[in-house]
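Colleague: pasting the sequence and the predicted model now:
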Amino acid sequence: MPGELKTISSGDEKTVVGTDATDNVWLFNGATWDQAPGKMTQVSVGLSGMWAVDKANKLYYWDDGQQNFVELKTGVAVTQVASGQDVYILDTQRNIFKYQGDEKWIQLDGKLDSIDTSDYGDLWGIQVGELKRAHRRINGGWVYVLGPDNRDTLKQVSTGISGVWAVDSNGTVYRWVNSTRHEGAWVKAEGSLKSISAGYPLVWGLDTNGKVYKYSSDGTDSGGPQKTSTAVVPVAQKLRVVGEYVPTPGPRHSAYPAHLDPTNDATKLGDYLAYSNELCTLEDVFPDPGPGKRERIGLSTGVCTVIQEPSAGDPATVFQCQTSLQFQSGKYAGSSIFLAIVYSDGNVPAYAILGGTGYFKNVQGQATQVDETPFAAQSPHGEYYIDLEYYLPGGSKAGAPAPITSDDFKVALRTSG
């Protein structure tokens, strides 16, 4: 790829796109950079596909069938697009619009200079100006997020499955951690960048010269766009689970799920829901034999706690959930995976994989509910297939089974009483 990059956007490790100084579009397929048709000033890739803006402030989306960008009418002059669970644009007046489909847009409140969204709906923006203020969209409104060291110095923020990352006016890189809503902490990361993009499983960035960097668990991996290394790119692996949840009520209320219902006035801070399920394997068993017929290989335990109760000023209920998958027999015996999530009301993002032990040491990734099982109607509280997409930065430990490269290894969660 000739030259360096001006902008960069990342989805997974094989979906990275950038534009150069002459508005050429470059796609990284995991090994090489290939030029795409068209001239664009900025491109964004996410769950809603690849979208772009040209120097005439027109909006385009990528048509896989045509293998080309197709213009989409907006009625405004577009300066930036962000693709994730939804698609957002900014116009030349800094107004914010959300795509509704069929060339229909709705305007959101506020004005921003840059915007980014994730595949699970997280939305952040920056007001540059003299005060570089960061804002996060929560429950239909913008919440101000104080910058690092209690100073408003951020010039760009990116949100994705890899977390929320930002760059300040000096090129310092930060990651947002311990986040429940707008409260958290900015932790300084290695390196100095001009811009950043939180993809999965890596975070990508550009320095002031347009050189491409990607962050791994071991820090940064530098390399020019023509020779970006794939050696440190972990192989995404998948684990499919089935969850059949029969919870144990918390201390305050006896009815499930009333005590964790955000519309219930009796919901109080500290109310919790605990559950304990059997962990069963479905490996090489097709079709799924269903509850009671799966091989038990471990235990899954978890708890969801109310960490913010409704109030007159803020009617939202915020929950924090933690789950562990503990393998006690079989090829992953002695290993564990730990999951966590924070969500408000019915807006449930993907679970984050916090880490693990044994084979899953240093595991990272996410878990998402994908569909009900064929046995959902037989379960009093439903039963769901859940995909865990993860990677092991250091590879599997010596003597461990070969890494999983497809979803043919499946486990099921069945109530243990």
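Modeller: Yep, it's here.
Colleague: next structured bit after the lengthiest strand in the chain?
Modeller: As assigned by DSSP state E, the longest strand anywhere in the chain is strand 295-308. Using DSSP states H and E, the helix or strand that follows strand 295-308 towards the C-terminus is strand 318-327.
Colleague: what mean pLDDT does that following strand get?
Modeller: When pLDDT is averaged along strand 318-327, the result is 83.
Colleague: could you check the angle strand 295-308 makes with the next helix or strand after that strand?
Modeller: Reading on from strand 318-327 to the C-terminus, the next helix or strand found by DSSP H and E is strand 336-344. Relative orientation of strand 336-344 with respect to strand 295-308: 30 degrees, computed using axes from the mean of the first three to the mean of the last three Cα atoms, to 10 degrees.
Colleague: for strand 336-344, name the packing helices and strands.
Modeller: For strand 336-344, the contact count by 3 or more Cβ pairs under 8 Å, 6 or more residues apart in numbering; DSSP states H and E identifies strand 318-327, strand 351-357 as packing neighbours. C-beta here means a position set from N, CA and C on the backbone, and glycine is covered the same way.
Colleague: closest to D122 out of those strands?
Modeller: Nearest of these to D122, taken as Cβ to Cβ: strand 351-357 at 11.8 Å.
Colleague: what's the spacing between that closest one and its chain's center?
Modeller: Centroid displacement of strand 351-357 relative to its chain, using Cα atoms, centre = their mean, to the nearest Å, is 13 Å.
Colleague: name the surrounding residues that touch that strand.
Modeller: Surrounding strand 351-357, the residues in contact under the criterion Cβ atoms under 8 Å, 6 or more residues apart in numbering are 321, 323, 334-341, 361-368, 388, 390.
Colleague: now do the buried residues in that strand.
Modeller: Neighbour-count burial for strand 351-357, counted by 16 or more other Cβ atoms under 10 Å, picks out 351-353, 356-357.
Colleague: of those, which is the nearest to Y272?
Modeller: Closest to Y272 out of these is Y351 (17.0 Å), distances taken as Cβ to Cβ.
Colleague: what about the closest one, distance to W186?
Modeller: 23 Å (Cβ to Cβ, to the nearest Å).
Colleague: repeat that for V177.
Modeller: Counting by Cβ to Cβ, the gap between V177 and W186 amounts to 8 Å.
Colleague: of those two, who's got more company?
Modeller: Set side by side, V177 and W186 give different neighbour counts by other Cβ atoms under 10 Å, the larger being at W186 (23 against 11).
Colleague: now do the same for that one: its pLDDT.
Modeller: At W186, the pLDDT value in this model is 86.
Colleague: residue nearest the middle of this structure, spatially speaking?
Modeller: Per Cα atoms, centre = their mean, the C-alpha nearest to the average position across the chain is that of I161, at 2.2 Å.
Colleague: for the residue nearest to that residue when sequence neighbours are not counted, which three-state class applies?
Modeller: Take I161 and drop its neighbours on the chain: the residue closest to it by Cβ to Cβ, 6 or more residues apart in numbering is Y200, 4.0 Å away. For Y200, the reduced secondary structure class is coil; criterion used: DSSP: H, G, I helix; E, B strand; the rest coil.
Colleague: I'd guess Q85 is in a helix, am I close?
Modeller: No. Assessed with three-state DSSP, Q85 is coil; it does not lie in a helix.
Colleague: average pLDDT for whatever helix or strand V25 lives in?
Modeller: Mapping V25 onto the secondary structure by DSSP H and E places it in strand 24-28. Model confidence over strand 24-28 averages 92 on the pLDDT scale.
Colleague: listing partners with orientation, what would you give for that strand?
Modeller: According to DSSP bridges, strand 24-28 has the following sheet partners: strand 16-20 (antiparallel), strand 33-39 (antiparallel).
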